[in-house]
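S.K.: give me a model of this one.
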Amino acid sequence: MPISSYLSELADVLNSELMSILLDRAFCDESYGPDLKTSSWYIVAGFLGTRQQWRRFERVWRPYIADGFDFHAHRLVRSGRHSDKQLGLLQAIGEGKLKGVVATMDLRAFRVHHDAIRKTIFEEGHELIDEYNLAFMQYVQLTAKRLDASDRRIAFVYDRRPPQKQGRMELHREFYEGQRDNPDVDFRHRLGPITADDRHHAIGLHAADFLANCAYHHMCGSQFWQWKAVNDAAAKMITFSYDENFWLNFIQAATS
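M.R.: All right, here's what the predicted structure looks like:
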């Protein structure tokens, strides 16, 4: 191989490794009721951290799942118990100094005001713009603009689920790709790749799943101790809600 070709390939490898070091990572997940069509709330939530912060998280959390534990946040959250695994996950989030974002959509209010909302916020021919994408893009925007003052690009990672259990994340991915190329999106310089991964491999998804489930039960009115605990564990937490008051104020402002 000519030395010039070798050096070119070496440069590509080094650039790839450098990018993996420079990219922050945001693990995210969604949560909703047993049937999305009748669910009262739709949640998108997750944690942002640097490569070093996620390594600290993994160093604390991995021993708790070394026995092959099949992680499902809804089982932990609904149990209500202060189990070792729940406390270990909260400790890992704290040790990693991870920062969280929760975006919530009140689907009951959206259904009630559906016609008025569509007249004011949705453009014709944009089928991808819906109530679920609104929550997802609010999550992305808060993650990119409000959690820190960094200009580093963010790689978004969500849970890869089997086809029969897929929610909205695959559709969010398509919408996200369009926002990366939209010159009107003032935070697009931070939008790195978006990809799905297996929660058995990318255990940062455990923290995102836990946060999303805690948020869902909190918005439904459940007084589970985990919601306060995960907020206390995070280095920073931002919550935004498209609730009844938001939509009433939005409709009034748009039609006045």
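S.K.: what about the helices in the protein?
M.R.: For the chain, the helices defined by DSSP state H cover 3-22, 51-61, 73-79, 84-95, 107-112, 114-121, 131-145, 169-180, 204-219, 225-233, 244-255.
S.K.: pLDDT below threshold where in the stretch 151-256 of the chain?
M.R.: By pLDDT under 70, the low-scoring segments of the stretch 151-256 of the chain are 162-167.
S.K.: rerun at 80
M.R.: Low-confidence segments of the stretch 151-256 of the chain (pLDDT under 80): 160-171, 174-175, 200, 254, 256.
S.K.: residue 29 pairs with what?
M.R.: residue 45 (DSSP bridges).
S.K.: that one reaches residue 204, doesn't it?
M.R.: No - the pair residue 29 / residue 204 is not scored as a contact, 10.2 Å apart, by CB atoms under 8 Å. Using the backbone N, CA and C atoms, a C-beta is placed for each residue, glycine as well.
S.K.: related to what we said a few turns ago, deepest of the helices of the chain, which one?
M.R.: helix 204-219 (a mean of 26; mean count of other CB atoms under 10 Å).
S.K.: which neighbouring elements make contact with it?
M.R.: strand 24-32, strand 41-49, helix 51-61, helix 73-79, helix 84-95, strand 99-106, strand 154-159, helix 225-233 (3 or more CB pairs under 8 Å, 6 or more residues apart in numbering; DSSP states H and E).
S.K.: would a markdown table of those with distance to residue 216 be doable?
M.R.: What follows is the helices and strands packed on helix 204-219, written out as a markdown table (distance: least, CB to CB, whole Å):
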| stretch | distance to residue 216 |
| --- | --- |
| strand 24-32 | 4 |
| strand 41-49 | 5 |
| helix 51-61 | 21 |
| helix 73-79 | 9 |
| helix 84-95 | 16 |
| strand 99-106 | 8 |
| strand 154-159 | 15 |
| helix 225-233 | 10 |
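S.K.: thank you kindly, that will do.
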